[in-house]
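K.L.:
Based on what follows, work out the 3D shape:
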Amino acid sequence: MRLLLDECVTRLIKRDFLGHEVQTVKEVGLKGLKNGQLLRAAVGQFDVLITVDQNLSYQQNVKPLSLAVLVLIAKKNTYEALSPLVPQALVLLENIKPGQVLSVKASS
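P.N.:
Numbers count the residues shown, from 1 in each chain. Got it, this is the predicted structure:
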């Protein structure tokens, strides 16, 4: 699966998504695009956008897009805070469908 890491997600987490092709917005030249522009630019190039932006699903209509969104919810956007979410994220990626917005939340 082709995964795109949003700007707000540490690039260090790339290595944790084993079995997937993972690139950052910076690597593919999409850095600085706002949510709507980023989603449209990612369509056709990626299967899933991984972000920590919990408002994205309220601000953008993802349903008609051939792209899914996976939101990682943690207290911080650091590798140490986000990496424990990866095992559950990998499970969700097995069945995620275009147009879906799914989230993984850190236990408190």
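
K.L.:
make it CA atoms for all contacts and neighbour counts henceforth
P.N.:
OK.

K.L.:
Quick one: distance of the helix or strand of the chain with the lowest mean pLDDT to the chain centre.
P.N.:
Between all helices and strands in the chain, the lowest mean by mean pLDDT, DSSP states H and E belongs to helix 56-59, at a mean of 79. Taking Cα atoms, centre = their mean, to the nearest Å, one finds helix 56-59 lying 13 Å from the centre of the chain it belongs to.

K.L.:
do the same with stretch 95-108
P.N.:
9 Å.

K.L.:
what comes up buried for that stretch?
P.N.:
Counting neighbours by 16 or more other Cα atoms under 10 Å, one finds that the buried residues in stretch 95-108 are I96, K97, P98, G99, Q100, V101, L102, S103, V104.

K.L.:
what sits up against it?
P.N.:
47-48, 57, 62-75, 84-85, 88-89, 92 (Cα atoms under 8 Å, 6 or more residues apart in numbering).

K.L.:
mind redoing it with 10 Å?
P.N.:
Stretch 95-108 has contacts (Cα atoms under 10 Å, 6 or more residues apart in numbering) with 43, 47-52, 54, 56-57, 61-75, 81-90, 92-93.

K.L.:
What strand or helix carries the residue nearest the centre of the chain?
P.N.:
The centroid of the chain falls nearest to I50 when counting by Cα atoms, centre = their mean (0.5 Å). Using DSSP states H and E, I50 sits in strand 48-51.

K.L.:
model confidence over that strand, on average?
P.N.:
Across strand 48-51, the average pLDDT comes to 96.

K.L.:
Quick check: neighbours of that strand in the sheet, parallel or antiparallel?
P.N.:
In the sheet, strand 48-51 lines up against strand 2-5 (parallel), strand 68-73 (parallel) (DSSP bridges).
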